[in-house]
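In: Dropping a prediction and its sequence here:
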Amino acid sequence: MSAPSSLAPVFTLRALHRRACQDAPLKALGTAVAMTGFFILYFAVQNHPLHPVVTVPETWLDHRIPFAPWSLFPYFSLWAYISLVPALLPDRRQLLGFAAGCVVLAAAGLAIFLLWPTTIPAPAIDWSRHPGFAFLNQADAAGNACPSLHVAFAVFTALWFARLLPTLGAPRLVQLANLAWAALIVHSTLATKQHVALDALCGALLGAWIASLNLIAVPPPPGTPSLRRPLFTAVVVIKLSALLLWTAGLPFLPSLALFLTGGALVLYQMFTPHAGELVRVRTRFAPSTPDAREVWLTLDD
């Protein structure tokens with residue numbers, strides 16, 4: 001179903017409140033059940049690895065980002081960040097599509113943790129001086145490091161917001177704030193020393209890929225113009241992450257293969273009829289006047 005006219009794209013607190021109140025019980029219950037189920041499976045996989053745990057090495061990127069206690073706040077803000085997307089989605093089709101994307105992303109990450117358990121080197125930090133980190137260090141003691149699902153979900157959420165915010169009439173500053181929030185969460189995974197750079201880069205790749213497929217599979221509501229920015233951003237994230245993985249020590253051929261996967265999204269958009277998430281697709285045009293007799297001249301390669 002399409003969004004009712006009362007949910008017009010006007011970016012005001014009242015309009016956002018009306019959007020959040022639509023199907024509020026379903027959204028609240030679904031979010032709570034999904035997060036609870038995820039953590040149950042996350043800790044089950046963490047405490048019962050099928051294979052020896054592998055330590056993910058540090059790279060030059062890790063030495064450029066020092067430990068920052070303040071980063072604990074953006075680190076935990078991920079859960080509020082994710083919850084805002086379903087709260088503001090306009091209809092159940094979009095809501096179920098977002099939920100399906102989250103399930104696929106979580107399943108992919110947990111499957112990797114199950115088959116390839118990882119941890120990070122113990123940082124040279126006196127944790128007794130930072131009591132706020134006690135629970136975090138105890139909870140993640142066994143690993144589940146690479147890929148960082150914290151980063152993956154931040155990237156996934158940012159790309160969904162990149163589609164959603166323009167339909168709400170959000171000003172450019174708010175759209176930039178979305179990217180800044182996601183970037184802070186990504187930075188916090190390294191600044192809290194819960195992950196190393198290889199974890200974060202692999203998480204960014206995973207989140208961008210799942211978000212791309214999810215946004216293609218769940219088109220925007222009828223009457224909403226297709227936005228090319230989310231998929232373009234996903235391609236940039238994929239290619240940039242692959243380049244950084246190469247500079248961080250991943251062999252050239254795997255890095256090149258990951259880099260080229262971003263091009264696969266571009267090729268799909270170029271050669272699939274009516275795929276307009278990355279390139280503009282025109283299937284009809286309006287004549288200049290009602291009685292005009294006009295044709296299009298096109299060059300097909």
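Out: Yes, it's here.
In: residue ranges of the helices in this structure, please?
Out: Ranges of helices within the chain are 13-21, 24-47, 60-64, 72-76, 78-88, 92-115, 134-139, 149-167, 172-191, 197-217, 229-247, 252-271, based on DSSP state H.
In: between these, which gets nearest to residue 289?
Out: For residue 289, the closest of these is helix 149-167, at 32.0 Å, according to C-beta to C-beta. C-beta: built from backbone N, CA, C; applies to glycine.
In: orientation of that closest one relative to helix 229-247 in degrees?
Out: Using axes from the mean of the first three to the mean of the last three C-alpha atoms, to 10 degrees, the direction of helix 149-167 lies 150 degrees away from that of helix 229-247.
In: pLDDT of helix 149-167, averaged?
Out: For helix 149-167, the mean per-residue pLDDT is 94.
In: Who are the packing partners of it?
Out: Contacts defined by 3 or more C-beta pairs under 8 Å, 6 or more residues apart in numbering; DSSP states H and E place helix 149-167 against helix 78-88, helix 92-115, helix 172-191, helix 197-217, helix 229-247.
In: closest to residue 123 out of those helices?
Out: Between those, helix 172-191 lies closest to residue 123; by C-beta to C-beta that is 10.7 Å.
In: Can you give me the buried ones in the closest one?
Out: 175, 178, 181, 182, 184, 185, 186, 187, 188, 189, 190, 191 (16 or more other C-beta atoms under 10 Å).
In: now swap in stretch 258-272 and tell me
Out: In stretch 258-272, counting by 16+ other C-beta under 10 Å, buried: 258, 259, 261, 262, 265, 268, 269.
In: Correct me if wrong: the last one contacts residue 263.
Out: No: in this structure, residue 269 sits apart from residue 263 without contact. The criterion is C-beta atoms under 8 Å, and the distance is 10.6 Å.
In: contacting residues for the nearest residue to residue 250 once chain neighbours are set aside?
Out: Among residues not flanking residue 250 along the chain, residue 198 sits closest, at 7.6 Å (C-beta to C-beta, 6 or more residues apart in numbering). Taking C-beta atoms under 8 Å, 6 or more residues apart in numbering, we find residue 198 in contact with 56, 57, 59, 146, 245, 248, 249, 250.
In: Give me the distance between the second one and residue 198.
Out: Residue 57 sits at a distance of 7 Å from residue 198 (criterion: C-beta to C-beta, to the nearest Å).
In: How about the fifth one?
Out: Using C-beta to C-beta, one obtains 7 Å as the distance from residue 245 to residue 198.
In: Overlap in contacts, the two.
Out: Joint contacts of residue 245 and residue 198 (C-beta under 8 Å, 6+ apart) do not exist.
In: on that earlier part again, ok, so what distance separates the residue nearest to residue 250 from residue 219?
Out: Taking C-beta to C-beta, one finds residue 198 at 34 Å from residue 219.
In: Same check on residue 197?
Out: 35 Å.
In: Who has more neighbours out of the two?
Out: When neighbours are counted by other C-beta atoms under 10 Å, residue 197 comes out ahead of the other of residue 197 and residue 219, with 25 against 16.
In: so what's the more buried one closest to, chain neighbours aside?
Out: Excluding the flanking residues, the one nearest residue 197 by C-beta to C-beta, 6+ apart is residue 61, at 3.6 Å.
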